[in-house]
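Colleague: Just need the structure, nothing else, for what follows:
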Amino acid sequence: MRTPRGSSRGWRRRRTAQQPRRGAGDRRRGIPGGGTGTRHRPATAARCRAAAAARYRPVARSRSRSRPDLPRAPIRRVVSLAQPQMRTLVSRVPMSSENLAGRTVAGYRLLERVGEGGTAEVYRAEHPERGPCAFKVLRQRLRGDPTAVKRFLREAGYGTRVRHPGVVRTYDYGEADGLYYLALEWADGKSLADYVHRAGRLAPAQVGRLVRQLADALGAAHQAGIIHRDLKPENIIYEPATEQVKLLDFGIARDAELPAEERLTRTGFFVGTLKYVAPEALSGELVDGRADIFSLATITYWLLAGVHPFSGRTPRELFQQLLSGAPVPLNQAVRGVQFPAALEAAVMRGLARDPAKRQPTVAAFAADVEAGIAAGPGPSGAGLLEGLKRALGWRR
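Modeller: Okay, here's the model as predicted:
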């Protein structure tokens with residue numbers, strides 16, 4: 001059956017009226033609905049905006065979801081603060097524009113800047129008699145702050161009082177050319193944190209050797225009347241070839257010989273690192289050498305299990321667990337791994353919330369750990385990662 005001529009013409013006229021007008025604007029590339037064909041949809045500003053948003057939205061969305069907490073500036077130091085409600089303050093310190101490399105200060109030739117923190121910059125330096133040194137300089141913005149200067153020089157003074165092979169030696173400190181400086185022994189190796197992040201949790205025998213060295217270094221500091229208060233893997237230099245450790249950073253150490261009222265930490269305020277700080281430092285109690293035992297026990301737990309003893313995922317949760325919660329038992333930290341009961345008991349005693357229930361000294365803690373390791377074989381699965389790496393010829 002043929003369509004009437006009039007009806008066909010009317011249908012063609014209606015279809016032509018619905019088609020876009022082929023102008024120069026429709027031929028531009030990259031515009032949805034543009035082009036030379038008659039079948040393309042007409043380009044509109046709303047459609048262009050929608051297409052552009054759809055094109056770039058997945059990129060922005062994936063970036064925000066993958067690292068929502070990534071700061072725009074490098075984090076240099078984290079200080080936790082608790083008032084009626086616990087808060088965490090993160091100081092974002094921009095890279096300093098001042099670079100002293102090439103200068104000679106107090107007889108030390110500064111070769112290159114190797115790092116910086118919230119209060120000081122660190123240079124690799126050379127001394128005609130002492131050889132390679134680490135040279136710390138108080139940051140430019142703090143040189144006019146009497147409190148910052150006092151704290152910086154106090155760290156230097158504490159370092160000179162501790163003489164032990166396991167403690168980075170302090171050579172010299174003072175003021176020269178308007179700069180407050182601290183010259184330290186140059187220690188080979190990297191931080192214990194970097195090593196463990198690459199190697200994984202360590203075998204108990206290796207942990208025992210590290211704990212003994214750290215206990216000896218801390219014992220020397222305690223005998224000199226110094227409480228470290230910021231013991232953590234980042235403040236421990238480790239040389240894998242010799243398995244030697246060196247303790248550094250007495251920046252927030254406290255003199256144990258000061259009167260009790262001067263050693264008290266104000267309630268709600270503490271110094272240190274939340275993952276390793278002792279509970280008494282959070283509650284404003286008197287802090288003594290047993291606070292370092294708690295930190296050392298936390299490090300020991302982390303070296304053995306690869307996780308921290310408290311399961312809090314946020315600073316608020318961790319803060320509250322340290323004050324009123326209980327650490328996860330060592331033998332429940334890693335599925336399928338069982339440590340000797342004596343080793344678990346030694347570590348968990350060092351993590352006691354009440355300082356009086358911990359070992360009396362760091363030496364006693366190390367002795368308990370060594371006895372616990374000797375009481376039984378290593379856990380099933382301990383050192384599997386290390387064994388696999390050695391079998392494959394992997395090198396650190």
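Colleague: hey, let's count contacts and neighbours off CA atoms from now on
Modeller: Fine.
Colleague: Which residue is the nearest non-sequential neighbour of residue 113?
Modeller: Counting by CA to CA, 6 or more residues apart in numbering, residue 113 lies nearest to residue 123, which is 4.2 Å off, once chain neighbours are set aside.
Colleague: sorry, that was for residue 341
Modeller: Using CA to CA, 6+ apart, the closest residue to residue 341 is residue 372 (7.3 Å).
Colleague: Also residue 189?
Modeller: residue 239 (4.5 Å).
Colleague: now swap in residue 236 and tell me
Modeller: residue 247 (4.9 Å).
Colleague: So residue 133: helix, strand or coil?
Modeller: strand (DSSP: H, G, I helix; E, B strand; the rest coil).
Colleague: Quick check, pLDDT for it.
Modeller: pLDDT for residue 133: 94.
Colleague: okay, now it: neighbour count?
Modeller: When counting by other CA atoms under 10 Å, one arrives at 23 neighbours for residue 133.
Colleague: what do you get for residue 249?
Modeller: 18.
Colleague: Please enumerate the strands of the protein.
Modeller: 75-82, 86-92, 104-105, 108-116, 120-127, 131-138, 170-176, 179-185, 190-191, 226-227, 236-239, 244-247, 254-255 (DSSP state E).
Colleague: how about a markdown table for the ones you listed, with distance to residue 361 added?
Modeller: Shown next, in a markdown table, are the strands of the chain (distance: least, CA to CA, whole Å):
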| stretch | distance to residue 361 |
| --- | --- |
| strand 75-82 | 27 |
| strand 86-92 | 31 |
| strand 104-105 | 40 |
| strand 108-116 | 33 |
| strand 120-127 | 32 |
| strand 131-138 | 31 |
| strand 170-176 | 25 |
| strand 179-185 | 27 |
| strand 190-191 | 25 |
| strand 226-227 | 12 |
| strand 236-239 | 20 |
| strand 244-247 | 17 |
| strand 254-255 | 17 |
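Colleague: Give me the distance between the residue nearest to residue 189 and residue 188.
Modeller: Counting by CA to CA, to the nearest Å, the separation of residue 239 from residue 188 is 7 Å.
Colleague: These two: which is more packed in?
Modeller: Neighbours were counted for residue 239 and for residue 188 using other CA under 10 Å; residue 239 has more, 16 against 12.
Colleague: so what are the domain limits for this protein?
Modeller: Following automatic domain parsing, the chain resolves into domains at 104-185, 190-391.
Colleague: Lowest average confidence across those, which one?
Modeller: Lowest mean pLDDT within these: domain 190-391, a mean of 84.
Colleague: can you give me the helices in this protein?
Modeller: Using DSSP state H, the helices of the chain run over 5-18, 45-66, 146-161, 192-199, 204-223, 260-263, 279-282, 289-305, 315-324, 341-350, 362-374, 384-391.
Colleague: what comes up buried for stretch 223-235?
Modeller: By neighbour count on 16 or more other CA atoms under 10 Å, the buried set for stretch 223-235 is 224, 225, 226, 227, 228, 229, 230, 231, 232, 233, 234, 235.
Colleague: since we're on the residue nearest to residue 341, how many residues are nearby?
Modeller: Neighbours of residue 372 (other CA under 10 Å): 22.
Colleague: what does the one 4 residues further on give?
Modeller: Taking other CA under 10 Å as the neighbour definition, residue 376 ends up with a count of 13.
Colleague: what about the residue nearest to it when sequence neighbours are not counted, neighbour count?
Modeller: Distance criterion CA to CA, 6+ apart; nearest residue to residue 376, sequence neighbours excluded, is residue 340 at 5.5 Å. Residue 340: 19 surrounding residues under other CA under 10 Å.
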